[in-house]
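Undergrad: the following block contains a protein sequence and its predicted model.
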Amino acid sequence: MTRNKLTIFTLMLAIFGVVGCAQTKLGTIATTAAILEKDNSQIALALNKDGSITVVGVGAGERIKPCEIPGSDGGIPDEKTLAQCFPDGHVPGKILFQQNYTIGVREGSMCIYIWNSGSLYVFCNPPNNFSYSGH
């Protein structure tokens, strides 16, 4: 395995542990790693059983911690506040790409849905294998 494939494989082992996926078969993990590699994924978002999100840098195989913004209402911060979250030497410039996602789980449903720019992704158990504990 190349170093990049090994990093992705290791990352997926960690993600399946965090997400609590019941399927830990190496074949499933390898398939997921192959999808990330084929799609040239840079960042992975993992929806955890408790509804929280884990953000992972695929190339480095590490968690990306959020920048805590005091008094934030959950919306995108203004340019000055945004700049405070960037490391030294990285100044945010003109927006080149931005997408918003809505992730939902509804009472009485064993489905998770993701809405993004006119596309709706639905993931249900069955046929998909997951468990959601809710809040």
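TA: Received the coordinates, thanks.
Undergrad: I'd like to know how far residue 56 sits from residue 41.
TA: Applying CB to CB, to the nearest Å, the value for residue 56 to residue 41 is 10 Å. Where you see a C-beta, it was placed from the backbone N, CA and C, and this is true even at glycine.
Undergrad: the two: which is more packed in?
TA: Shown here are residue 56 and residue 41; by other CB atoms under 10 Å, residue 56 has more neighbours (21 against 16).
Undergrad: for this structure, where's the lowest mean pLDDT among helices and strands?
TA: helix 3-19 (a mean of 52; mean pLDDT, DSSP states H and E).
Undergrad: I'd like the next helix or strand past that helix.
TA: helix 26-38 (DSSP states H and E).
Undergrad: now that following helix: buried residues?
TA: 29, 32-33, 36-37 (16 or more other CB atoms under 10 Å).
Undergrad: so which of the residues you listed would you say is closest to residue 99?
TA: residue 36 (17.8 Å; CB to CB).
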